[in-house]
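1. how does the following fold in three dimensions:
(one chain, ligands or ions: 1)
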Amino acid sequence: MEFEYEWLKKLWWTVGLIVISSVVILVEKVLLRPRRIRKTLEKQGIKGPKPSFPFGNVTEMQQIRPQRPKYADITEEWVYSLFPYFHTWKQQYGSLFIYSTGIKQHLYVEDAKVIKDLSVHMSPDLGRVEYLNKALLPMLGDGMVRANGKSWIFQRNLIIAELFMSKVKTMMGHMEGSALEIVQKWERLINESKDKIVEIVIENDLKVLSEDIISKACFGSDYTQGKYIFEILARMQNKLSKTSTLLGYLNLSFLPSKESKEIWKLKKEVDALVLNIIHAREKQNQENNNGEKQNDLLQKIIEGVAHEKLLNASGKGTLKPGHDMNQLIIDLCKSIYFAGSESTAITAVWALYLISVYPEWKQRIRDEISEIFGDDGPPSFTDMTKLQKMKTLHMVVLESMRLYGPAVTNSRETFADLKIGDLVLPKGLYLWMFLPLLHRDVDNWGPDATEFKPERFANGISGACKYPQAYLPFGYGSRFCLGQNFTLTEIKIVICLMVYNFDFKLSPNYVHCPTSNLLLVPKYGVKLLVSKRNAGK
Ligand code: HEM
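-> Take a look at the predicted model:
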C-alpha cells in the first residue's frame, strides 16, 4: 500500500512537471519571445502594423489590395500586386518595418543603408530561414541552398572554386554547343513555316537549354539523364509555391495529406535518379582506375564527400559523426540542379523580352558583336576576353536583372542576437526583402527607377545607384549565389546567338503577367515572333 502510494505520488509529480514545463515553453514561444523581439526593435525606432492575437497581421496581409503609384506604368502593375502589403506598409512605416504572422516576427528591409551593413555580415548566425527549410526539405534535403551551420560551410567550401571564372571558361564550349542546338531548332521551325516567321514560347526552349548546360557542364551527363530530375523538381516547386508556409503562417505540412504524401513520393523518385548519375560516375571512376578522371563539379563533390567520410571516421571532419554522407551527395547535387537551371532560363527569357520591347538595344548589341567578333561570321565563344569586352550586352543583362531578376524575395533568420551596423537584431527574427520593389527604389536608382535604361550601368553597378549593395539579383553576404559567373556567361552567349541569328518582336498574343512561383516567371509565357535575321531584305 505504502509502495503504491509512493509510486502514484511520483507519477503525479512527473505529469505535473511535464504540464508545467509545456505551459512555460508555450508561453515563452507564443507570448514572451515575440513580445521581446518586437520590444527590441521598437526601442530602436522601428515601427509597423499593430499585431493582434493569435495571427498577428495575417488578416491584413490577406485583405490589403494592390495600389500602383502614379509614376509607375501599367506594365508595372504586377510589382504592386505580388505582395501588396509590403508596398502599403512601406508607405506607412518607411523602408524598415516590423510585422507579425503570429508567433513569428518579421523585419522588412528596403533601407539601403541597412542592406549595406547586412551585406558585410558574414557569420553563419544570419542564415536560411528554418521554417522555409522545413517546407523545402523533401525537395532539397540538406543541400547547400537550404542548409545552415556546419553542413552549409562544408558544402560551400567544397564547390566554391568549381564555379570560379577560371572553371567557367572551360564550360563555354558546352554552353555554345547547347545554345546552337536551339538556334538550329528555331531555324528549322522558321524554314518549315509558310511565312518564314513563327511564334515561339521561348521559355520552353530556354529551360531545356539551361538544363542541358547544367547537365553537361556540371554533371558530365546529357540532358536525357537530367531531364526527369528537372521535371520532378519543377513539379515539387510548383506544389510548394502554393503553400502559405512560405510566408510564415499556417504551416500544416506536418499533417499527413494527399499533397504531402505526393511530395515525399516525388522526393524518392528524384533521389533515385540523382543516385543513378552518381553511381554511373563512381563505376566509371573504378573502371578508369589509372586513367584520367573527369574534372567537373560532380567529380569534385564525390571526391570531397569521400574525403570528409575518412576524416569523419577519425573524428577530424567538419561534419558531425554519423552524418549521412550518401544523402549529402544527393542533396548537394539536387541543390545545383535546382539553383542553376530555371533561374538562368528565366533571366534569359526576361532579357529577350526586354530586348524585343526595346529594339534599339538589339541593334546596339548587334553593333557590338560586329565590333568585337568582326563581320566574318557568327560569333564563336572559345575566348572569354571577347565576351568580357561586350559592355552593352553586360549593361542590358544587369538592367534586365534589376527589373526582372528571377529571385522575388530574399530572406534570412537570425540564430543569435546580432549587431548589424547601428541595429541590434534579436535572435529568432526573420528578415525579408522584396526585390522588385527594392530594385525600383526611387531614392536609390533615381526618378527613372521603373524605366528600362541599361545605360545607367555604363559605369558599373556603383555608377548606377547610390547604394550598389542594394542591387541584389544574386543575393548578398555569405549566402551570395555561387553561380553568378556561370550564369552570366551562359546568358550572354545565348543572347548573342539569338540576337545575331534572329529578328524577333513581341507577339500580339503576349500577355504581360509576371508572377511568382518562388521565381519571377511570365504567367502566360513570353511569346515572340521570330524570323531569320535580314530575311527577305
Ligand atoms: C540568373 C541565374 C541565377 C540567379 C538569379 C541566382 C540567384 C541566386 C540567389 C538570389 C541566391 C540566394 C542568395 C541569398 O540568399 O542571398 C542564390 C543562391 C545560390 N545559387 Fe544562384 N542564381 C542563379 C544561377 C545559379 C547557377 C547557374 C548556379 C550553379 C551552377 C547557382 C548556384 C547557387 C547556389 C549553390 C546558391 C546557394 C548559396 C548558399 O546558400 O551559400 N545559381 N542564387
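
2. centroid residue for the chain?
-> Here the mean C-alpha position of the chain is nearest to the C-alpha of A407 (Cα atoms, centre = their mean), at a distance of 5.0 Å.

3. and that residue, how close does it get to C465?
-> 18 Å (Cβ to Cβ, to the nearest Å). All C-beta atoms are positioned from the backbone trio N, CA, C, and that covers glycine.

4. same thing with M171?
-> Going from M171 to C465 by Cβ to Cβ gives 31 Å.

5. now swap in P66 and tell me
-> Remark: distance between P66 and C465 (Cβ to Cβ) = 25 Å.

6. compare those two (neighbour count), which wins?
-> C465 (21 against 15; other Cβ atoms under 10 Å).

7. surely that one and D448 touch.
-> No - counting by Cβ atoms under 8 Å, C465 stays clear of D448, with 11.5 Å between them.

8. common neighbours of these two, please.
-> R456 (Cβ atoms under 8 Å, 6 or more residues apart in numbering).

9. show me what from the protein comes close to the ligand.
-> 144-145, 156, 163, 335-336, 339-340, 343-344, 347, 405-407, 410, 473-476, 479-483, 486-487 (Cβ under 6 Å from any ligand atom).

10. which members of those are positioned in helices?
-> The helices, defined by DSSP state H, take in R156, S335, I336, A339, G340, S343, T344, T347, F486, T487 from those.

11. ok, the closest residue to the last one other than its chain neighbours - contacts?
-> Read it as T487. Distances taken as Cβ to Cβ, 6 or more residues apart in numbering place T344 nearest to T487, at 4.7 Å, with adjacent residues excluded. T344 makes contacts with S210, I213, G483, T487, E490, I491, as judged by Cβ under 8 Å, 6+ apart.

12. again, only this time at 6 Å
-> Counting by Cβ atoms under 6 Å, 6 or more residues apart in numbering, T344 makes contact with S210, T487, E490.

13. and what of V305?
-> M325, L328, I329.

14. kindly list the longest helix within this protein.
-> Under DSSP H, the chain gives helix 258-287 as its longest helix.

15. alpha carbons of the helix or strand that contains V349, in PDB - could you do that?
-> Following DSSP states H and E, the helix or strand that holds V349 is helix 342-357. Output of helix 342-357 as PDB, limited to C-alpha atoms (Å, rounded to 0.1, in the frame of the first residue of the first chain):
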ATOM      1  CA  GLU A 342      15.300  27.600 -64.100                       C
ATOM      2  CA  SER A 343      16.800  30.900 -62.700                       C
ATOM      3  CA  THR A 344      19.200  31.100 -65.700                       C
ATOM      4  CA  ALA A 345      16.500  30.300 -68.200                       C
ATOM      5  CA  ILE A 346      14.100  32.800 -66.700                       C
ATOM      6  CA  THR A 347      16.700  35.500 -66.700                       C
ATOM      7  CA  ALA A 348      17.400  34.900 -70.400                       C
ATOM      8  CA  VAL A 349      13.700  34.900 -71.100                       C
ATOM      9  CA  TRP A 350      13.100  38.400 -69.400                       C
ATOM     10  CA  ALA A 351      16.200  39.800 -71.100                       C
ATOM     11  CA  LEU A 352      15.000  38.700 -74.600                       C
ATOM     12  CA  TYR A 353      11.500  40.100 -73.700                       C
ATOM     13  CA  LEU A 354      13.000  43.500 -72.900                       C
ATOM     14  CA  ILE A 355      15.200  43.500 -76.000                       C
ATOM     15  CA  SER A 356      12.200  42.800 -78.100                       C
ATOM     16  CA  VAL A 357      10.300  45.700 -76.400                       C
END
